[in-house]
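Asks: Turn this into a model:
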Amino acid sequence: MSQERKKIEARIGEKDDPESKLKAELGRLSEDESKEAVLLKVDAGNCGGVDKVDRIAKALVRLSRPHWILVLGFGLNDLESVPDSVWELAGVEELGLGNNKLKTISPAISKLTKLRKLRIEWNPLEGFPEAVCQLDQLEMLSVFGCQLSVLPSSFASLRDLILLDLERNTFEQFPEVICELRSLVNLFVDHNDMSSLPPSFANLRELRILDISNNRFKEFPRVVCQLPNLVNLFMHNNQLSELPLAITKLVRLVSLRLDDNQFTSFPLFLGELPQLSTFYLLGWFNLLVYCRAHNWRRQSYSGSSTTSQRLRITSLFQRAQRDCSFNGHHRCWFLL
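Replies: The predicted structure follows:
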């Protein structure tokens, strides 16, 4: 049976003395409790800059125990470099360095062998820090808004990654090295400049959430149709004009966003997706089509469609005024 950890949380602000604040919080632990599993969360965001972060890390080196788990947040501190004292905290499992001024990350980050979650978003990185690729326990990595356009080949070493966030970078081509990360469940690469996905993308068979919105896709990437576990797909704000019939292979798809593309007709075969419950299509007749499958699914379409194509064609004026934003005198097709 796994042992329940005692949780201690400390918020260290600009006016706080790190050691005094930590001692006060840790004073709530009994001697016996301190010998057991402890989860210590320290929020030091916007705490006063690099010197303060250094003092906090040094205090943690003195006060924490080797078997404790540390969760540290050092965002919004105008850090141009991370104090070496941070890399001496071997118990760190989660580290937040977002919203700073980091251009690189010290190779010493590889000392944090227990690190599972790393956030370095909104930093002006000059390239992806290769030392991060040595963190083979990493499960969550957030590097959005960091001006990245390529990833190193060593990125493939992060085989335990479950969540990867690379949104708001400058990728023109999808980094094919990501296709080696077969444990990925959530992938966010929205707000880049990509227009295609490589065939090896089909390796990511565990993906449940995929966000490739706000890119430059003119054609729907058919390789996405080979992802058997996909639940949520976001492709809004691209340049799509049609969908392949193969999308009906995504039998676990629950949510689909295609708004702000260039569709000129409604893809009727989406009615064959048995789990689809939420669907957005904005830009076709200047409408937002919002579909709730559990409410509308069991209606049959009085056309030539098969029984599985549970579609309903409804006038906008009654239904859309209640459920949709729209502008125009057109007919709206609702998925059932």
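
Asks: Next, the buried residues of stretch 68-79.
Replies: Trp68, Ile69, Leu70, Val71, Leu72, Gly73, Phe74, Gly75, Asn77, Leu79 (16 or more other C-beta atoms under 10 Å). (Each C-beta comes from the backbone N, C-alpha and C, glycine too.)

Asks: nope, stretch 255-269 is what I was after
Replies: Leu256, Arg257, Leu258, Asp259, Asp260, Asn261, Phe263, Phe266, Pro267, Leu268, Phe269.

Asks: avg pLDDT for that stretch?
Replies: Averaging pLDDT along stretch 255-269 yields 84.

Asks: Can I get that stretch in CSV? Just the C-alpha atoms.
Replies: What follows is stretch 255-269, C-alpha atoms only, in CSV (Å, rounded to 0.1, in the frame of the first residue of the first chain):
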residue,chain,number,x,y,z
SER,A,255,-15.1,16.8,-29.5
LEU,A,256,-14.2,18.3,-32.8
ARG,A,257,-13.4,22.0,-33.6
LEU,A,258,-13.2,23.1,-37.2
ASP,A,259,-14.4,26.7,-36.9
ASP,A,260,-12.7,29.5,-38.8
ASN,A,261,-11.7,27.4,-41.8
GLN,A,262,-12.9,27.6,-45.4
PHE,A,263,-15.7,24.9,-45.7
THR,A,264,-18.3,25.4,-48.3
SER,A,265,-20.4,22.4,-47.5
PHE,A,266,-21.3,20.4,-44.5
PRO,A,267,-19.5,17.0,-44.1
LEU,A,268,-22.5,14.7,-43.6
PHE,A,269,-20.4,11.6,-42.9
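
Asks: Work out the gap between it and the centre of the chain.
Replies: Mean-position distance between stretch 255-269 and its chain equals 23 Å (C-alpha atoms, centre = their mean, to the nearest Å).

Asks: Quick one: end-to-end distance for stretch 70-81.
Replies: Terminal residues of stretch 70-81 lie 20 Å apart, using C-alpha to C-alpha, to the nearest Å.

Asks: Can you give the contact residues for that stretch?
Replies: For stretch 70-81, contacts defined as C-beta atoms under 8 Å, 6 or more residues apart in numbering pick out 39-50, 52-53, 60, 64, 82, 86, 89, 91-103, 106, 119.

Asks: what does the model give Val86 for pLDDT?
Replies: With respect to pLDDT, Val86 has a value of 98.

Asks: Kindly report the same for the one 3 residues further on.
Replies: The confidence metric pLDDT takes the value 97 at Leu89.

Asks: quick one: the strands in the stretch 51-200 of the chain?
Replies: With strands called from DSSP state E, counting those that start in this stretch, the stretch 51-200 of the chain shows them at 69-73, 92-96, 117-119, 140-142, 163-165, 186-188.

Asks: how about CSV for those strands, with distance to Phe171 and mean pLDDT added?
Replies: Converted to CSV, those look like this (distance: least, C-beta to C-beta, whole Å; pLDDT from 0 to 100):
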stretch, distance to Phe171, mean pLDDT
strand 69-73, 27, 98
strand 92-96, 23, 98
strand 117-119, 19, 98
strand 140-142, 15, 98
strand 163-165, 12, 98
strand 186-188, 12, 98
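
Asks: of all the ones you listed, which lies closest to Val150?
Replies: Comparing the strands of the stretch 51-200 of the chain by their distance to Val150 (C-beta to C-beta), the top pick is strand 163-165, with 15.0 Å.

Asks: Need the residues that contact that closest one.
Replies: Taking C-beta under 8 Å, 6+ apart as the rule, strand 163-165 contacts 121, 139-144, 178, 181, 184-188.

Asks: Serialize the residues you listed to CSV and add fields for distance to Leu197.
Replies: Putting those into CSV (distance: C-beta to C-beta, whole Å) gives the following:
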residue, distance to Leu197
Glu121, 23
Glu139, 23
Met140, 22
Leu141, 20
Ser142, 21
Val143, 19
Phe144, 19
Ile178, 10
Leu181, 14
Leu184, 13
Val185, 17
Asn186, 16
Leu187, 11
Phe188, 14
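
Asks: Dump those residues into JSON lines; add neighbour count and distance to Glu219 as well.
Replies: Formatted as JSON lines, the contacts of strand 163-165 follow (neighbours: other C-beta atoms under 10 Å; distance: C-beta to C-beta, whole Å):
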{"residue": "Glu121", "neighbour count": "21", "distance to Glu219": "30"}
{"residue": "Glu139", "neighbour count": "19", "distance to Glu219": "33"}
{"residue": "Met140", "neighbour count": "17", "distance to Glu219": "31"}
{"residue": "Leu141", "neighbour count": "23", "distance to Glu219": "29"}
{"residue": "Ser142", "neighbour count": "21", "distance to Glu219": "29"}
{"residue": "Val143", "neighbour count": "24", "distance to Glu219": "27"}
{"residue": "Phe144", "neighbour count": "21", "distance to Glu219": "25"}
{"residue": "Ile178", "neighbour count": "23", "distance to Glu219": "20"}
{"residue": "Leu181", "neighbour count": "21", "distance to Glu219": "24"}
{"residue": "Leu184", "neighbour count": "24", "distance to Glu219": "23"}
{"residue": "Val185", "neighbour count": "16", "distance to Glu219": "26"}
{"residue": "Asn186", "neighbour count": "17", "distance to Glu219": "24"}
{"residue": "Leu187", "neighbour count": "23", "distance to Glu219": "19"}
{"residue": "Phe188", "neighbour count": "19", "distance to Glu219": "21"}
